[in-house]
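Peer 1: turn this into a model:
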Amino acid sequence: MLNLSPQNSYPSDKRDFSAIKRVEVKDSTKRMLRAIYILFFVVLIVQFLPWTQNISNKGKLVTLRPEQRPQTINTVISGRIEKWFVKDGDPVKKGDTILYISETKQDYFDPLLVNRTQKQLKNKELSVVSYGGKIQSLDSRIDALSETGRLKLKQTKIKLQQAQLKLKADSMELQTAQFNCRIAEQQFERIEKLFEKDLKSQTEVETRRLSLQRAQANLINAQQKLLQAKNDIIDLKVEYNSVEAKYRDEVSKAESDKFAALSSMYDAEVDVTKLQTQVANYSIRNGMYYILAPQDGIVTKVLSSGIGETIKEGDAIATIMPAIYDMAIEMYIRPLDLPLVQKGQKVRIQFDGWPAIVFSGWPNTSYGTFGGEVFAVDNFAGDDGTFRVLIAPDKKDRTWPEQLRVGGGTKSMILLNDVPIGYELWRTVNGFPPEFYKKESSDLPKKSKK
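Peer 2: Okay, the predicted model is just below:
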């Protein structure tokens, strides 16, 4: 207002207003300064309060052992669905029947396939036995031929020795005949000389000539016997070689028959093995028409439905959740925090759906959280560059709720070192990693003083 109008009734002095008088009377400046000092003192004290450093992240509930995780039941063989024995949510025991399927391959349509294959197997086994008997007979024949050949060769060898002795006798007889022939010739020559001198008669000369001719005939006969003895030795050597070759051929032929029988027996044994495998496969396949529960659990979802539907080998038909499982938590941390996490570290956990009041820096004052400890840390990073940490329940803390289910969400805090709040604020502003100090083991031997 410019106060130009003479009719203006406002007082010229502002202090005449009652509101201004009430405000100016109070000492608001001193109270404001006192509040600021108190707030600064409280903030300063808070800076020295202890704060528990932690690595926080969200996670989910999983099972600790792989066989306790939800699993899919698959078919080993292809077939057609004939009958269901369970539905979603049904509890099952290990070995309970879940589904019955029938055969769809024409190679297995015969209901007596196993019995017929077993009959073929039995016939092949008898064939193997027959080949075994034939081999034994051939072994006996080979032994008999070997023994007969050995005796025959021994007999021929004895004859050869006899012929050699006869050759020696004939050789000595020849030498005797040659000696007698020379004596007869000398006597005949002397008797002729005496006959010429008329000292011997014609009769004596003819007698000596006859003796000479007889000696010459004996010489020829001795020579013939010697040649015959040599010829007999050659014949016996030929006979010895012939007998040896004959029985060697017969033994070789028998051994060849034996090896042929062995080869046939081995082939029959291979066929027996194949048939045994087929019988086992057919028997096992007959047992696969009924799909059984692998362990105790609850059927969570049936994936294949309907009667008459065809399923292939390896198709999933249902999922089952094991009845007994050890709960754990799966969380992921940054590579920056990986060196700070060790097996056995304490963890505070907040489960989704459970009311809790959480103070991340004061875990002891939190309400509704549960205890855990680091069970395992992966040595390799995932696709997003984080490392997986498995957290198991802390046996010294209170037990986890029974209502927890696999797949539920959690928020976990891995507890590290206790530091002042001021230091934690300074560290967070500067982006430094949390501090982590390992306690020295008291079991280590102390160094002896020199």
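Peer 1: any low-confidence regions in the stretch 301-450 of the chain?
Peer 2: 356-368, 415-450 (pLDDT under 70).
Peer 1: all strands for it, in order.
Peer 2: 310-311, 316-322, 327-333, 346-351, 370-377, 387-393, 409-420 (DSSP state E, counting those that start in this stretch).
Peer 1: so which of those strands is the most packed in?
Peer 2: strand 346-351 (a mean of 23; mean count of other C-beta atoms under 10 Å). C-beta: built from backbone N, CA, C; applies to glycine.
Peer 1: between that strand and strand 387-393, how big is the angle?
Peer 2: Angle, strand 346-351 to strand 387-393, by axes from the mean of the first three to the mean of the last three C-alpha atoms, to 10 degrees: 90 degrees.
Peer 1: partners of strand 346-351, with directions?
Peer 2: Sheet pairing of strand 346-351 (DSSP bridges) gives strand 370-377 (antiparallel), strand 409-420 (antiparallel).
Peer 1: could I get the strands of the stretch 301-450 of the chain as TSV with distance to residue 37?
Peer 2: As requested, the strands of the stretch 301-450 of the chain are exported to TSV (distance: least, C-beta to C-beta, whole Å):
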stretch	distance to residue 37
strand 310-311	80
strand 316-322	62
strand 327-333	42
strand 346-351	37
strand 370-377	42
strand 387-393	46
strand 409-420	22
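Peer 1: so which of those is nearest residue 87?
Peer 2: strand 316-322 (9.8 Å; C-beta to C-beta).
Peer 1: tell me what the closest one is packed against?
Peer 2: Counting contacts by 3 or more C-beta pairs under 8 Å, 6 or more residues apart in numbering; DSSP states H and E, strand 316-322 packs against strand 71-74, strand 97-102, strand 297-302.
Peer 1: any chance of those in CSV with mean neighbour count and distance to residue 80 as columns?
Peer 2: Formatted as CSV, the helices and strands packed on strand 316-322 follow (neighbours: other C-beta atoms under 10 Å; distance: least, C-beta to C-beta, whole Å):
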stretch, mean neighbour count, distance to residue 80
strand 71-74, 16, 16
strand 97-102, 18, 5
strand 297-302, 17, 16
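Peer 1: and these as TSV, adding distance to residue 208?
Peer 2: Shown next, in TSV, are those (distance: least, C-beta to C-beta, whole Å):
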stretch	distance to residue 208
strand 71-74	125
strand 97-102	123
strand 297-302	134
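Peer 1: so after the helix of greatest length in the chain, what's the next helix or strand?
Peer 2: Secondary structure assigned by DSSP state H gives helix 202-287 as the longest helix of the chain. Using DSSP states H and E, the helix or strand that directly follows helix 202-287 along the chain is strand 290-292.
Peer 1: one step back: residue 119: which of the strands of the stretch 301-450 of the chain is closest?
Peer 2: Among the strands of the stretch 301-450 of the chain, strand 310-311 sits nearest to residue 119 (C-beta to C-beta), with 31.6 Å.
Peer 1: okay if I get the strands paired with strand 346-351 as CSV plus distance to residue 80?
Peer 2: What follows is the strands paired with strand 346-351, written out as CSV (distance: least, C-beta to C-beta, whole Å):
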stretch, distance to residue 80
strand 370-377, 44
strand 409-420, 41
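Peer 1: so which of those strands comes closest to residue 331?
Peer 2: strand 409-420 (5.1 Å).
Peer 1: circling back to that earlier point, so for the longest helix of the chain, what's the average pLDDT?
Peer 2: Averaging pLDDT along helix 202-287 gives 88.
Peer 1: change the start of the numbering to 41 and stick with it
Peer 2: Sounds good: first residue 41 from here, last item helix 242-327.
Peer 1: what helices and strands are in contact with it?
Peer 2: Helix 242-327 packs on helix 153-236, going by 3+ C-beta pairs under 8 Å, 6+ apart.
Peer 1: kindly calculate the angle that the helix it packs on makes with helix 242-327.
Peer 2: 170 degrees.
Peer 1: packing partners for helix 153-236?
Peer 2: With 3+ C-beta pairs under 8 Å, 6+ apart as the test, helix 153-236 has helix 242-327 packed against it.
Peer 1: ok, now which ones touch residue 266?
Peer 2: 207, 210-211, 213-214 (C-beta atoms under 8 Å, 6 or more residues apart in numbering).
Peer 1: check those for burial and list the buried ones.
Peer 2: Those of these that meet the buried threshold are 207, 210, 213-214, by 16 or more other C-beta atoms under 10 Å.
Peer 1: which one of the residues you listed is nearest residue 323?
Peer 2: Taking the buried ones among the contacts of residue 266 together and measuring to residue 323 by C-beta to C-beta, the closest member is residue 207, at 78.6 Å.
Peer 1: per-residue confidence for that closest one?
Peer 2: For residue 207, pLDDT reads 84.
Peer 1: not counting its neighbours along the chain, what's nearest it?
Peer 2: residue 269 (4.0 Å; C-beta to C-beta, 6 or more residues apart in numbering).
Peer 1: was I right to think the one you found contacts residue 200?
Peer 2: No - using C-beta atoms under 8 Å, residue 269 is not in contact with residue 200; the gap is 11.5 Å.
Peer 1: quick check, residue 77 in a strand?
Peer 2: No - using DSSP: H, G, I helix; E, B strand; the rest coil, the assignment for residue 77 is helix, not a strand.
Peer 1: extract the CA atoms of stretch 420-437 and return them as CSV.
Peer 2: In CSV, the C-alpha atoms belonging to stretch 420-437 read as follows (Å, rounded to 0.1, in the frame of the first residue of the first chain):
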residue,chain,number,x,y,z
PHE,A,420,33.2,-69.3,-12.1
ALA,A,421,31.0,-66.4,-13.1
GLY,A,422,27.6,-66.6,-14.7
ASP,A,423,26.5,-65.1,-18.0
ASP,A,424,25.8,-61.8,-16.2
GLY,A,425,29.3,-61.7,-14.5
THR,A,426,28.0,-62.5,-11.0
PHE,A,427,29.0,-65.4,-8.8
ARG,A,428,26.6,-67.8,-7.2
VAL,A,429,26.5,-68.4,-3.4
LEU,A,430,24.7,-71.2,-1.7
ILE,A,431,23.4,-70.5,1.8
ALA,A,432,22.4,-73.4,4.1
PRO,A,433,20.4,-73.0,7.4
ASP,A,434,22.4,-72.1,10.5
LYS,A,435,21.9,-75.1,12.9
LYS,A,436,22.7,-72.8,15.9
ASP,A,437,19.9,-70.4,15.0
